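J.: here is my input, please return the structure:
(one chain, ligands or ions: 1)
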Amino acid sequence: MSKSSNFTLPNSTMRIVDKLLHVEKSLQSYGITESHIEASLLAATALGESRADLYANLYDEIPEKALLALDGFVERRLQREPLAYILQNREFYGLQLGVRHGVFIPRPETELLVDLAIQRIQNRPAQPTPAVVEVGTGCGAISIAIASNVSGVSLYATDISNVALSLAKTNADTHDVGEFVHLVKSDLLTCFIGTIDILIANLPYLESSRIPTLAPEIFLHEPIEALDGGLDGCRLINQLLSQASNLLASDATILLEMDPEQFTVIVEHAKTIWPTAEFTRHYDLSQTDRILEICLNS
Ligand SMILES: C[S@@+](CC[C@H](N)C(=O)[O-])C[C@H]1O[C@@H](n2cnc3c(N)ncnc32)[C@H](O)[C@@H]1O
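T.: Model prediction:
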């Protein structure tokens, strides 16, 4: 037996760079496409430092504790747990938001909904302050992004999930908008009375039959009640519109995220409630029409 074959490096002497390459290869071999960036995010989190620091210290030894933490993260990721749940964090509209199991992970395409909501709020007279309601807030992403970018705006954000509402509260407080984002447990708008000027929702809109075909990160790990929109995906959105008919101001604006294939069904339903409303489709960065805007004052 050669001398070298008897010699193994104890884990504690492994360099960050070597471990990083090893993690990247493991992720790659499991078909995780963004393996390089994911490996560095997992390693930086295990080390409790930024990615910039990680790259600045690549040739340092990785401490035993960080190594164990990183191995645990990698094992979870190889089970296709979403990266955001492992990191307990997701960037949305330039904000770092806490995320956790049981709560939907905000998606980049929803940032268009925020852009539009901010524009519509700013286009209204400042006084009286518009009544803005977001239904199905999840971790609070949309409402917190709006409140962080429009001074003085006050929003009601609802969800049926206690876990989501509690996380949204933490996120709102972390971003210093807790006093502007009022969290309410409500099945759609059932808890509301009064008049709403701007109604925003990214409700579950996937057809039930599509759910088992989704990526395992979504299908196995994200909450079904945040995904399942019923047989045609439109169940909750259409229910929301029916409920809203008695609550909206005559010049209200509704902004809804949905699947492009659902526009026809939802517009048809909305026309039965507001025959003279104006309907606009908005396209996201990948040129997919994701947002339906309904203006009642036309
Ligand atoms: C697709 S997620 C969107 C979460 C968040 N708005 C976002 O964009 O990241 C849908 C959310 O709607 C909530 N939800 C589902 N059914 C609801 C209902 N009947 N009333 C209120 N919220 C509901 C879910 O709990 C989930 O948080």
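J.: wait, is residue 182 part of a strand?
T.: Yes: residue state for residue 182 (DSSP: H, G, I helix; E, B strand; the rest coil) corresponds to a strand.
J.: tell me the bridge partners for it.
T.: Beta bridges link residue 182 to residue 156, judged by DSSP bridges.
J.: in this structure it contacts residue 158, no?
T.: No: in this structure, residue 182 is not within contact of residue 158 by CB atoms under 8 Å, at 9.4 Å. Every residue, glycine included, has its C-beta placed from N, CA and C.
J.: and residue 159, how many residues sit next to it?
T.: Residues contacting residue 159 under the criterion other CB atoms under 10 Å number 27.
J.: was I right to think residue 273 contacts residue 247?
T.: No: under the criterion of CB under 8 Å, residue 273 is not in contact with residue 247, lying 11.6 Å apart.
J.: just to revisit the earlier point, okay, residue 182 and residue 158: which has more neighbours?
T.: Higher neighbour count among residue 182 and residue 158: residue 158, with 25 against 14, using other CB under 10 Å.
J.: what about the helix or strand hosting that one, average pLDDT?
T.: Here residue 158, judged by DSSP states H and E, is contained in strand 155-159. Strand 155-159 shows a mean pLDDT of 98.
J.: next, the angle strand 155-159 makes with the helix or strand just after that strand.
T.: Downstream of strand 155-159, the first helix or strand assigned by DSSP H and E is helix 162-174. Computed by axes from the mean of the first three to the mean of the last three CA atoms, to 10 degrees, the angle separating helix 162-174 from strand 155-159 equals 150 degrees.
J.: got the buried residues for helix 162-174?
T.: For helix 162-174, burial by neighbour count (16 or more other CB atoms under 10 Å) applies to 164-168, 171-172.
J.: repeat for stretch 187-204
T.: By neighbour count on 16+ other CB under 10 Å, the buried set for stretch 187-204 is 188-189, 192, 196-204.
J.: tell me the least confident of those residues?
T.: Across those, the bottom pLDDT score, 93, is held by residue 192.
J.: now for the closest residue to it other than its chain neighbours, how many residues are close by?
T.: Distances taken as CB to CB, 6 or more residues apart in numbering put residue 247 closest to residue 192, at 5.8 Å, once the chain neighbours are dropped. By other CB under 10 Å, the residues close to residue 247 number 16.
J.: before we move on, the earlier item: greatest separation within the buried residues of helix 162-174: which pair is it?
T.: Farthest-apart pair in the buried residues of helix 162-174 is 164 and 172; separation 12.2 Å (CB to CB).
J.: find residues that contact each of those two.
T.: Common contact partners of residue 164 and residue 172 (CB atoms under 8 Å, 6 or more residues apart in numbering): none.
J.: if we can go back for a sec, tell me the phi and psi of the residue nearest to residue 192?
T.: When quoted as degrees, to the nearest 10, the phi and psi of residue 247 stand at phi -120, psi -10.
J.: which residues does it contact?
T.: Here residue 247 is in contact with 189, 192-196 (CB under 8 Å, 6+ apart).
J.: could you rerun that using 10 Å?
T.: Residues near residue 247 by CB atoms under 10 Å, 6 or more residues apart in numbering: 131, 133, 189, 192-196, 199.
J.: close to the ligand: what parts of the protein are there?
T.: 104, 106, 110, 135-138, 141-142, 158-161, 164, 187-188, 202-204, 225-226, 236 (CB under 6 Å from any ligand atom).
J.: among these, name the ones in helices.
T.: Those of the residues of the chain next to the ligand mapping onto helices are 141-142, 164, 236, per DSSP state H.
J.: can you give me the helices for the chain?
T.: Assigned by DSSP H, the helices in the chain fall at 16-29, 35-47, 51-56, 64-78, 83-87, 111-123, 141-149, 162-174, 216-219, 235-244, 263-273.
J.: dump these into JSON lines; add distance to residue 209 and mean pLDDT as well.
T.: Formatted as JSON lines, the helices of the chain follow (distance: least, CB to CB, whole Å; pLDDT from 0 to 100):
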{"stretch": "helix 16-29", "distance to residue 209": "30", "mean pLDDT": "96"}
{"stretch": "helix 35-47", "distance to residue 209": "30", "mean pLDDT": "97"}
{"stretch": "helix 51-56", "distance to residue 209": "39", "mean pLDDT": "95"}
{"stretch": "helix 64-78", "distance to residue 209": "28", "mean pLDDT": "97"}
{"stretch": "helix 83-87", "distance to residue 209": "25", "mean pLDDT": "98"}
{"stretch": "helix 111-123", "distance to residue 209": "25", "mean pLDDT": "97"}
{"stretch": "helix 141-149", "distance to residue 209": "27", "mean pLDDT": "98"}
{"stretch": "helix 162-174", "distance to residue 209": "25", "mean pLDDT": "98"}
{"stretch": "helix 216-219", "distance to residue 209": "12", "mean pLDDT": "95"}
{"stretch": "helix 235-244", "distance to residue 209": "13", "mean pLDDT": "98"}
{"stretch": "helix 263-273", "distance to residue 209": "16", "mean pLDDT": "97"}
